[in-house]
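Engineer: Kindly generate the corresponding structure for this input.
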Amino acid sequence: MRHALLVLGLVAATLVGCVPAGDAGTLAPTLAMVDFGGLEVAMQNGAPVPTFDWQPRPRLDLGGPWRVERAALDPELTMTDRDTSLAAIEDEAGERHLPAFDDGAWESVAVPGAVNPPPDGEEGGAWYRRDLDVPRAWVGRSVTIRFGSANYVADVWLNGTWLGYHEGGATPFAFQAGEALLPGRSNLLAVRVHTIPRGTRSDVVPWGTADWWNYGGLTGPVWLEAAPPVHVARADVVPHLDAVEVEVLLSHASQLGGIPAQAPAEGDDGAEGVPATLRATIHAATVDPGNLLDPDPRGLVTDVDDPLLVVDTEVTLPATGDVTSTTLAWQFGDADTWSPAVPSLYVLRVQLLRNEPSPDPREGRVRDELWTTFGIRHLAVDPAGPSVLLNGERSFFRGVGLHAEALTFDPEAGLVGGTPAQRPEEILADLRDAAAVGADLLRTGHQPADPLVLLLADRLGFAVWEEIPLYHTTPLVFERSMGRGIPQQMLREMALRDMNRPSVLFHGFANESTGDEERTDAMAELHDIDRAIDGTRLTGQAAYGWRPDDATHAPLDVAGMTSYHGVFYGDDAAADTRRALLEAHEAHPDKPILVLEFGRWADVPADEQMQRRIFEETYGVLEAYRGDEVGGFVAAATWWALHDFATPLAGIGVEQFGLYRPDGTLRPAGELVTETFVAPAGRGDALALDPGLVRPRVRPEPLLDDWALLAFVGYGLGLSIGALGLLLFVLTRRGGRATARAR
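Structural biologist: All right, here's what the predicted structure looks like:
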């Protein structure tokens, strides 16, 4: 069965005629890079893309039951520019977006979650509604409504006012609540979510049939967050082995809760142009079983009054609707580096302080503050290997694939339910399973990772490959989706969300896709976007293993591939894998090769021994060329997958590729992996790491501005030239040349 499905999939992916016909939609991306006086800022829905990490700010968590009605939505309206389609969408809504609509007969669905759980859920549309009481104190605050994810296109109304839309099923987005918010009263939030059925359009991402479940609806958390009008929107950390740079973005919100746009801003104390102080402190992070699942970074700090570093710098507060950026840089010598074996972390606290006391004595000096965790690690490619260098060391990762879902089985191991909203304890259990088999790399499915997976990967010690879902993409789909700018937006959203996660070592841009010119162009553009936003990760794709000389790896840092020799193609797993690796290395001699999938299903007991044999024969070849040894070039070997996962493929229901059975016991392949993989990952909480035990040498000086830097460089050059001149004079006077010849 799977052989037939694979052949059909390859044919469909190769023939443009198999892609659904029709015109591409006109729905535009909502994220854009906007120039603010030479500062390029990622803006979405009228505001800078914020941090989505947990913050110690006033917050309303909207998790739990929402009232939901499944609906047949018009995909042409959904995918049409809102200047043209919004009126028709609201007509189609039949007042479902208005507060007075009677939704008493609607079903209750948990958020985060899905409206189409397996095994029988169908892709389609749904309306979500939720009442919320907003504190009166939020008047005049910058209030944002934040969504962890919504699959696939979400339109949002607050009290009947349309706030905007978002396209993309696995990345976060936010809206300013503005005057639509009614502080001190009950509010109504309505969301129209359209899960585009896969295989029906060629302009969405992902577009076609996949073997992983297309969970639809509000799949991520939803919350409201309040901040002062002028606040710290982001603090992006760029780590180096001996230094840290932090780009702090200050935003002066153009919309405030409950206040018309042109009205005076209650609570905004005339901040425009006012001098203020930006204070950054770095703290040692201690991870232990007691705080491992705590999303609040402050929980990792033993003593907030004992930082490793404190730096103050003067800033000027931005005008309304404007943003400013301040880059801070410090030497951070002898800092503990992050790696899967020793996942050392630090906590950054950024405070925006008044220089003068506030007229309101209750406010004190602190206008706003932001907390985040980060790790010191450096990633590069050594072309001499070629190998992946993590903190200067050649690396070889042993990986497993994850699917972000929790499945429910009956006593006979039949699938009866599933959700993409795993509880923290369930994610921790998955990562404990990964550590138990000796893995140190997680490939988080075919889309951006669940943020909780990354939080735990940081703290426990797992490297991560996450990717945007350009899955089985054809030349036409590349042309249409890239033409609309949707993969570019997804990459920016993923990179910005996970900027400070040291565990994310690799960004993937496509999985098992076709086309040469179109794919190469897409990979080059996405690589450039990644470098512009981040630059601390390595870029790659998961290309088909049956084409090891794939030329589309050229713009990327690594050559990633899936490898099913002896399973879906070829006859001899060991010999065919060896041949493919050598051909790939010959085609890309300067790129490490990452095998991002290899494995086999185990539907019946007899299959389990075949699955074990595939691991034994394939991994033996991969390890023979491991990149942490002289002459090696394979940087990762990733088994697909750690656990079984739900699939919409007819006649299968559950893809039983897992090392673990549904009852939690290891299959024979899992037992062999446990004996073979030897990575020491996943022990961060057991180590109770505290980088503060060895205090780093720091120079608490902010990065110099351009003129100061020029003067500093000139001073340094002048001093060096002067010193060399003096040395030459002394040597000449003392017969230095003759002495040098005598030596």
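Engineer: low-scoring stretches of the stretch 301-450 of the chain, by residue?
Structural biologist: 358-363 (pLDDT under 70).
Engineer: again, 50 this time
Structural biologist: Under the criterion pLDDT under 50, no range of the stretch 301-450 of the chain is flagged.
Engineer: Repeat that for the stretch 601-743 of the chain.
Structural biologist: Where the stretch 601-743 of the chain drops to pLDDT under 50, the residues are 692-743.
Engineer: Equivalent analysis for the stretch 151-300 of the chain, please.
Structural biologist: Residues of the stretch 151-300 of the chain meeting the criterion pLDDT under 50: 264-267.
Engineer: mind running it again at 70?
Structural biologist: Low-confidence segments of the stretch 151-300 of the chain (pLDDT under 70): 261-270.
Engineer: the strands in it, which residues?
Structural biologist: For the stretch 151-300 of the chain, the strands defined by DSSP state E, counting those that start in this stretch cover 153-158, 161-167, 173-176, 186-194, 222-227, 230-239, 243-252, 275-284.
Engineer: Export those as a markdown table, with columns for mean neighbour count.
Structural biologist: Every C-beta, even on glycine, is put in place using the N, C-alpha and C of the backbone. Output for the strands of the stretch 151-300 of the chain, formatted as a markdown table (neighbours: other Cβ atoms under 10 Å):
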| stretch | mean neighbour count |
| --- | --- |
| strand 153-158 | 24 |
| strand 161-167 | 21 |
| strand 173-176 | 24 |
| strand 186-194 | 22 |
| strand 222-227 | 22 |
| strand 230-239 | 23 |
| strand 243-252 | 22 |
| strand 275-284 | 20 |
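Engineer: wait, which of these is closest to A543?
Structural biologist: Among those, the nearest to A543 by Cβ to Cβ is strand 161-167 (25.9 Å).
Engineer: could you dump stretch 80-89 to CSV, C-alpha only?
Structural biologist: Taking Å, rounded to 0.1, in the frame of the first residue of the first chain, the C-alpha atoms of stretch 80-89 are listed here in CSV:
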residue,chain,number,x,y,z
THR,A,80,-9.2,37.3,-1.9
ASP,A,81,-7.8,40.6,-0.9
ARG,A,82,-9.9,42.0,2.0
ASP,A,83,-10.5,45.4,0.3
THR,A,84,-12.5,43.4,-2.1
SER,A,85,-13.9,40.5,0.0
LEU,A,86,-14.5,41.8,3.5
ALA,A,87,-18.1,43.0,2.9
ALA,A,88,-19.0,39.6,1.3
ILE,A,89,-17.3,37.7,4.2
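Engineer: and for that stretch, what are the contacting residues?
Structural biologist: With Cβ atoms under 8 Å, 6 or more residues apart in numbering as the contact definition, stretch 80-89 has outside contacts at G25, T26, L27, A28, D74, L77, T78, D155, W162, G164, Y165, R192.
Engineer: pLDDT on that stretch, on average?
Structural biologist: The pLDDT scores in stretch 80-89 average 98.
Engineer: Give me the distance from that stretch to the chain's centre.
Structural biologist: 30 Å (Cα atoms, centre = their mean, to the nearest Å).
Engineer: in it, what counts as buried?
Structural biologist: Of all the residues in stretch 80-89, those buried under the rule 16 or more other Cβ atoms under 10 Å are T80, R82, S85, I89.
Engineer: on that earlier part again, out of the strands of the stretch 151-300 of the chain, which comes closest to R501?
Structural biologist: Set against R501 and scored by Cβ to Cβ, the strands of the stretch 151-300 of the chain come closest in strand 230-239, at 9.9 Å.
Engineer: what's the angle between the closest one and strand 243-252?
Structural biologist: Angle of strand 230-239 versus strand 243-252, following axes from the mean of the first three to the mean of the last three Cα atoms, to 10 degrees, is 160 degrees.
Engineer: what lines up beside strand 230-239 in the sheet?
Structural biologist: Sheet pairing of strand 230-239 (DSSP bridges) gives strand 243-252 (antiparallel).
Engineer: Okay, now the unreliable bits of the stretch 1-150 of the chain?
Structural biologist: Along the stretch 1-150 of the chain, the parts satisfying pLDDT under 70 run over 1-21.
Engineer: Break down it into its strands, ranges please.
Structural biologist: 31-36, 39-44, 47-48, 59-61, 64-71, 107-111, 125-133, 142-147.
Engineer: Of the ones you listed, flag the one that's most buried.
Structural biologist: strand 142-147 (a mean of 24; mean count of other Cβ atoms under 10 Å).
Engineer: can you map out the helices along the stretch 351-500 of the chain?
Structural biologist: For the stretch 351-500 of the chain, the helices defined by DSSP state H, counting those that start in this stretch cover 424-436, 451-460, 475-484, 486-497.
Engineer: Buried ones in the first one, by neighbour count?
Structural biologist: Read it as helix 424-436. Neighbour-count burial for helix 424-436 [16+ other Cβ under 10 Å]: I427, L428, D430, L431, D433, A434, A435, A436.
Engineer: And the strands of the stretch 151-300 of the chain: which comes nearest F598?
Structural biologist: Here strand 230-239 is closest among these (Cβ to Cβ), at 31.6 Å.
Engineer: and that closest one, how far from the chain's centre?
Structural biologist: So, by Cα atoms, centre = their mean, the centroid of strand 230-239 is 16 Å from its chain's centroid.
Engineer: circling back to that earlier point, the strands of the stretch 151-300 of the chain: which one's closest to D336?
Structural biologist: When the strands of the stretch 151-300 of the chain are compared by Cβ to Cβ, strand 275-284 sits nearest D336, at 9.1 Å.
Engineer: which other helices and strands contact the helix or strand following that closest one?
Structural biologist: Where DSSP states H and E defines the elements, the next helix or strand beyond strand 275-284 is strand 309-316. Secondary-structure packing of strand 309-316 (3 or more Cβ pairs under 8 Å, 6 or more residues apart in numbering; DSSP states H and E): strand 275-284, strand 323-333.
Engineer: in its sheet, what does strand 309-316 sit against?
Structural biologist: Applying DSSP bridges, one finds strand 309-316 paired with strand 275-284 (antiparallel).
Engineer: dump the residue contacts of the closest residue to P424 other than its chain neighbours.
Structural biologist: Nearest residue to P424, sequence neighbours excluded (Cβ to Cβ, 6 or more residues apart in numbering): L293, at 4.7 Å. Counting by Cβ under 8 Å, 6+ apart, L293 makes contact with P424, E425, L428, L456.
Engineer: how near is L293 to N159?
Structural biologist: For L293, the distance to N159 (Cβ to Cβ, to the nearest Å) stands at 35 Å.
Engineer: before we move on, what about Q611?
Structural biologist: Q611 sits at a distance of 55 Å from N159 (criterion: Cβ to Cβ).
Engineer: Compare the two (neighbour count), which wins?
Structural biologist: Ranked by neighbour count (other Cβ atoms under 10 Å), Q611 and N159 place Q611 first, with 25 against 18.
Engineer: Wasn't the more buried one part of a strand?
Structural biologist: No - using DSSP: H, G, I helix; E, B strand; the rest coil, the assignment for Q611 is helix, not a strand.
Engineer: Now do the contacts for it.
Structural biologist: Counting by Cβ under 8 Å, 6+ apart, Q611 makes contact with G599, R600, W601, A602, F657, R667, P668, A669.
Engineer: Out of the residues you listed, who's the most crowded?
Structural biologist: In the contacts of Q611, the most neighbours by other Cβ under 10 Å go to A669, 28 neighbours.
Engineer: Now that residue: which helix or strand?
Structural biologist: Using DSSP H and E, A669 falls within helix 668-676.
Engineer: what's the helix or strand following that helix packed up against?
Structural biologist: Using DSSP H and E, the helix or strand that follows helix 668-676 in sequence is helix 684-687. When contacts are defined as 3+ Cβ pairs under 8 Å, 6+ apart, helix 684-687 sits against helix 451-460.
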